Every structure is written in C-alpha cells, then in structure tokens.
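>>> just need the structure, nothing else, for what follows:
(2 chains)
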Amino acid sequence: MTSAQTMFEKIWQQHVIAEEEDEALLYVDRCLIHEGSRHTFDQMDEEGRSPVEPDKVFAFSDHYAQTTGRDQGLGAISDPKIRGMIELLTKNTKKHGIRHFDIGDPDQGILHVVGPEQGITIPGILLIGADSHTATHGALGNLSFGAGSSEVYHVVVTQTLWQRKPRSMRITIDGTLPFGVASKDLILAIIAKIGHGGAAGHVIEYAGSAVDAMTIEQRMTVCNMSIEAGGRAGMMAPDDKVLDYVHGRPYTPAGADWDQAVEYWRTLPTDDGALFDTEVSLNASELTPMVTWGTNPEHTLPITGRAPSPEDAGTEADKREIAAALEYMDIKPGMPLDKIAVNRVFIGSCTNGRIEDLRAAAEVAGLGKAKVPAWIVPGSGAVKRQAEAEGLDKVFTAAGFEWRDPGCSLCTAINGDILQPGERCASTSNRNFKGRQGLGSRTHLVSPAMAAAAAITGTLTDVRNLAKGS
Amino acid sequence: MEGFTKLTAAAVPIDEPNVDTNQLCPTRFNKMPIGDPDYPRILFHDQRFNSDGSEKPDFILNQDAYRNAEIIVADRNWGGGSSRETAVYALMAYGIRCVIASSFGDIHRNNCLKNGVLPVTLPNETCIALRRQLQGNLEATITVDLESQTVTAPDGTQHNFDITPVSKRCLVKGLDDVGRTEEFQSDIDAFRVRYQDALPFQAAVAKPSN
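Predicted coordinates:
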C-alpha cells in the first residue's frame, strides 16, 4: 500500500541508486551539453576520465552558432575565438564518441528545441543539461534540470549525480488564456507573482485546465522559464498530447518498447490527494499581455501598466534595486510601458523559437512593416524547414523582418549577434539581466506576437489593439 | 578542491537583491579555461571596469577597504540565472571563499559547494545588519566557522547557520564527488541491472530511426 505520490516523487524514486545522509545518488538517463561545456571536457582530460555511457550524452552547437551564412559552415564565423568554441566541441565529442548536432547538421539547433524534436527527451526520464533552461524538457513529463560544469562532469563520467531532494511546488492554472495572451505571458505573470527566487529549492509541477488546454510547444515555453522563478525544474503530466508529440521521433522507443513505455508513462501523473510542499494558483482568464520593464524577469507588468517607482518597494535594498533597474533601462517612474520605443526586435531562443512561436509572430508581422531591425531566428533546422514549407519566411521578409539561421543568437549574445550599448530590444528570450544581450543592452521580454507588434510599431505595443484592427 | 574550516576576513557588502550570474561573469568570458590568469578581473567585470579597462571608482569592489575581501554579504536570491560555473571561478579568483545571503540560486549554490566556496544562508534582517556594520566600519572583519556553523559579526554577535552534513563534510575535507561516488560502484552496477529489467525502453537509448 503506497500513499498518494506526486509525479516528481515517482520519477525521483525510480532513479535513486543509493542514499547517504541528506543526499541521493541518482541515475541519469540523458545528458545534454553544448560548446560552453568545455570545462567539463577539460576536467575529464585533467582527471584522465571518459564518459561511461557516451550514447546517453548529446552535444549541441548552439550558443556560439552564427545565424547567417550557414551554407558556408564554420567559414562564416570571422571571430576565431567563437569558431574555436565550436571546433573544440567537435574535437571533444569525436574523441569520446558523443552524438553532436554540429553546425553542418540539418537538425542542428538549440539544445532545448532539438532534444524534444529528436525524441531524445521522453517522459519519465531524469535529464541533466549543462544549461539552466533544461527545465524546458519537463513539459514532456520528466525530471529535467540544469547543472554547472562540475556536476555535468560527474554525470558524464559516472552517469549519476548526487542531489539533495528538492521540495515540491504545484502551480495550478485554471481558466482560459484570453485572446492575444500567450503562454509566455502566463509564465511571466507567474514569475511576477512568486518572484525571481520564488520557487528556489523547489521542483514545480504546472497543472490545471489551462495547462491541459495548451499545446506541447506552449507548455515548453512555460517550463523553460521555471528557472526564472528560481525553480530547480518544471514539469507537466504526460497526457495524450505528450504521447502524440513523442511518438515516432528518431530516438523515441518504438515497437514493443513503445507499448511498454506508454503503459509506464501512464502511471506517472500525480496521484489524487498527493501533497505538495507549496501550492500556488492563478486564473489564466484574468491575464493580459506582459512585458518586463527592468533587469530581472520578476520586473514584469501588464503592457497596459506603468513603470514602478522605487517608493513602491518594501526594503531599502529593494528600493535601490528598482532605482538601479530604472536607471539602467533609462525609464522614468510611472512611464506608460506602451510608450517605450525600441531599436531592435529579436524573435527566437529556447523559450520562443519553435514553429508555433513563428506562426504567432508571422500573423502579426503580416499586418505591417518592420520599423526597426527585427530578426527571426528559428530554434532549429527542423523549425526553419517547417516555417519555409508554410511560407512564413516570405511573410517575414515581405514585412521587412530578417530571416536567419538556427542558434541561440541574441539570447546568449556571444555568437556575433549582439546589441550595441544603449540599444533597446523587444525580445522573446528569457533573461533581461543587465548586459545579457551585449554590454549596456536593454531587454524587454515579451511573447512572439508582442515582439512582432513592437517591430511594426517601433514601440512596446499591446498586440490586442493591433490584431483587433485587422 | 581546497578545504574550508574557518575564515576571518574582510567582507564586502553588496546591497542589492537578485545579483545574477551574468553579473558575476558576463557571458562573453565563459570561453575562458579554468585557471586562466584573467579570471581575477572577471567578477562583476562590467560594473567594475570602463570599456578602456580602467576602474569605475564608485563600484564597491574598487574601494580600498574591500580589495582583499574574502567574504561577500549579499541580499536575497544571490546567483540566480545561468548555470555557468565560471561565476564561481570568478569569485574564487578574486579571493572570495564565502558568500552570505538570505537565499541563493540553486545551481549557483551547488557550483559554489563543488569548488570550496561556502554559501551561508542567514535571515534577510541579519544580512542587512551585517552589511550595516561593514558599511560603518571599514576595518571590520567577519568570522565564518564551518565546524561550529557560526558567523561572527563585526560587533561580536554570533549567528548560527544550517548546512547539510554531506556538504559540510565535503567542504571541510575538500572532497570531490567522483571519488565519493566510486565507493558506490557496486550499488550503481546493481541498479543498472534492475533498471534494465524494469524499464528497458528507458535504460537504453533507442537507436535513431532515421
């Protein structure tokens, strides 16, 4: 007789090899790395170790990938230090027999887009990524979280990881997302509600009728930004939509394995009556399009709102933070957010670089012409091909948007794609930290439709007003 | 890694919540290998230096009282954001061995522990009080004793902190995780057999179908 368990508890227990005091040694099913994982390989060289199960490690050239001239391969990268990071990953993965989605690979793209696309991500698994947005994968009903290079080194050379068990948080979202409100707006609203560190030490399960109603790609956007609320991981139950999504992908179990897998995956959702350490709830029907005004994702308000004043804050440190954020962003207290002019627009990233994101952006782009440089960066080669098959690239280029090659681009801003000091960008990425898109850059996080609206008006804009007129 | 037992040192008050790892190590420096001689300049690089490489005199780490600081006293949510371990390499290269805050980003906290940097969690009011004392007395030091799990403020007040037994043991002895895991090899081997038997579709990666 077992008591009611959460999905997190079930997946955690399934992976415990041993326990020592307050920590568990967990078996890791998949490990995702990228060019920035050089320190992991350096540690392996130094210690003379190799991967124990190299077929469970997958490498992606994305953070440093150039997003133009892909047909010229690495030759398109003029900076030898940037090129060197990709070459180093190629060398290291060849040496250790690790599958690498390299620049020349037709399926290359951002690790959190390609993993699910290729069926590397499936329900039930424990997936560790060398990147904090690894929570994305939890949308398929598994436990996925990011780790630093020492922990990733441990995973690669032992296929295990020591972890203290996080607490559990359920965020229940009922209601229906209104017209013009995207899943990006929902996760921004959640972060604004619970704070940038609000879910620290917790694994978040997102549940409720609004989650059930979402597509898999919308769910990935929500799980992706769990880390922006401080969450160790984000996850959602593997329902029929997940099974449909996962089925038939290159690395997905097939045949008899598939049937057995489905049977097991159906046991994973949280049992009725299972208890969470923390419960949060939100009504999707009350949401509006959101935008960040400051320098971390908790600095989020409805587009209909006004920039805050330092006086609104409780502690002295919080007052200073708001004042510093307003100064960095060059925004006056009380300024209407939809009066803020932008210089640049970026649509892409592991948060919003999937086909449905591009469709949403194209629908708005088709209503006008870009007034500022606006980039569309597909999350993967597969997304790019699909978009071109649907003619979305033509919609974008006709509206004056730039159609680029897959990669992290202006989200990591270490690949040649970078903002100039003082430039202000409406961006579908996940972080508005100081300098994130380049030294002195200013970032406003928005949904793909909101970003496209900013492009054609040159100002942060409530997309609902544009779309109404169409 | 270097063990941590007890430290008495100058401490720098960082008066802002939500200091993210992009500030500790701007992304463009993530390329640098461990031990690169430029790491001491990386911590808070873009807040510390002008574009010509000169110091911004107003930034707190550029004030003489804090140049030799080995402890940081911060606010809430220190080290949120990116998983980059270079943020910890930057802290260590500057000479920081301990960060006191009211909460931490989980990944950054783990990265600190793996490198011998002690993350100490104290209530926010205590962090505020510590920072005030440091601001009022530039000669002040703080003592952090991991064995007794206490922080001694400049005014002599003692504050107890929690740390898990495993983290404490690894920090004190400077143990690395892989060595620890090897002692569990027979458990790992037994697990693999069990796992393959119970969940074969998950224990092995499917061969790509196209």
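
>>> which phi and psi does residue B:167 have?
Residue B:167 adopts backbone torsions of phi -60, psi -40, taken as degrees, to the nearest 10.

>>> contacting residues around it?
Each residue near residue B:167 by CB atoms under 8 Å, 6 or more residues apart in numbering or on different chains is listed here: residue B:113. C-beta: built from backbone N, CA, C; applies to glycine.

>>> and if you look at the one 3 residues further on?
Residue B:170 sits next to B:113, B:176-177, B:180 when contact means CB under 8 Å, 6+ apart.

>>> and those, which is closest to chain A?
Distance to chain A across the contacts of residue B:170 (CB to the nearest CB) is lowest for residue B:177, with 5.1 Å.

>>> nearest residue to that closest one other than its sequence neighbours?
Computed as CB to CB, 6 or more residues apart in numbering or on different chains, the closest residue to residue B:177 that is not its neighbour in sequence is residue A:154, at 5.1 Å.

>>> after the helix or strand containing that neighbour, next one along is what?
Per DSSP states H and E: residue A:154 is located in helix A:149-158. Using DSSP H and E, the helix or strand that follows helix A:149-158 in sequence is strand A:160-164.

>>> and the one helix or strand residue A:346 maps to, which strands flank it?
Per DSSP H and E: residue A:346 is located in strand A:344-347. Strand A:344-347 has its sheet partners listed here by DSSP bridges as strand A:374-376 (parallel), strand A:424-427 (parallel).

>>> buried ones in the lengthiest strand in chain B?
Looking across chain B with DSSP state E, the single longest strand is strand B:6-13. Residues of strand B:6-13 classed as buried: B:7, B:9-13 (neighbour count, 16 or more other CB atoms under 10 Å in any protein chain shown).

>>> do stretch B:123-136 as well
Buried residues in stretch B:123-136, defined by neighbour count with 16+ other CB under 10 Å: B:126-134.

>>> so what's the residue in chain B that chain A sits nearest to closest to, chain neighbours aside?
Across chain B, no residue is closer to chain A than residue B:77, which sits at 3.4 Å (CB to the nearest CB). Counting by CB to CB, 6+ apart, residue A:197 is the residue found nearest to residue B:77 once chain neighbours are left out, at 3.4 Å.

>>> thought the one you found was touching residue B:19?
No. Judged on CB atoms under 8 Å, residue A:197 makes no contact with residue B:19 at a distance of 11.0 Å.

>>> out of those two, which sits in the busier spot?
Counted by other CB atoms under 10 Å in any protein chain shown, residue A:197 and residue B:19 do not tie: residue B:19 has more neighbours, with 29 against 25.

>>> and that one, what does it touch?
Applying CB under 8 Å, 6+ apart to residue B:19 gives the contacts B:74-75, B:77-80.

>>> below-threshold pLDDT in the chain: ranges please.
I went with chain A, as the question did not name one. Applying pLDDT under 70 to chain A flags the ranges A:1-2, A:467-470.

>>> chain B is the one I meant
Low-confidence segments of chain B, defined by pLDDT under 70, span residues B:210.

>>> that one: helices as residue ranges?
B:21-24, B:45-48, B:86-94, B:106-114, B:124-136, B:165-173, B:177-182, B:185-198, B:200-203 (DSSP state H).
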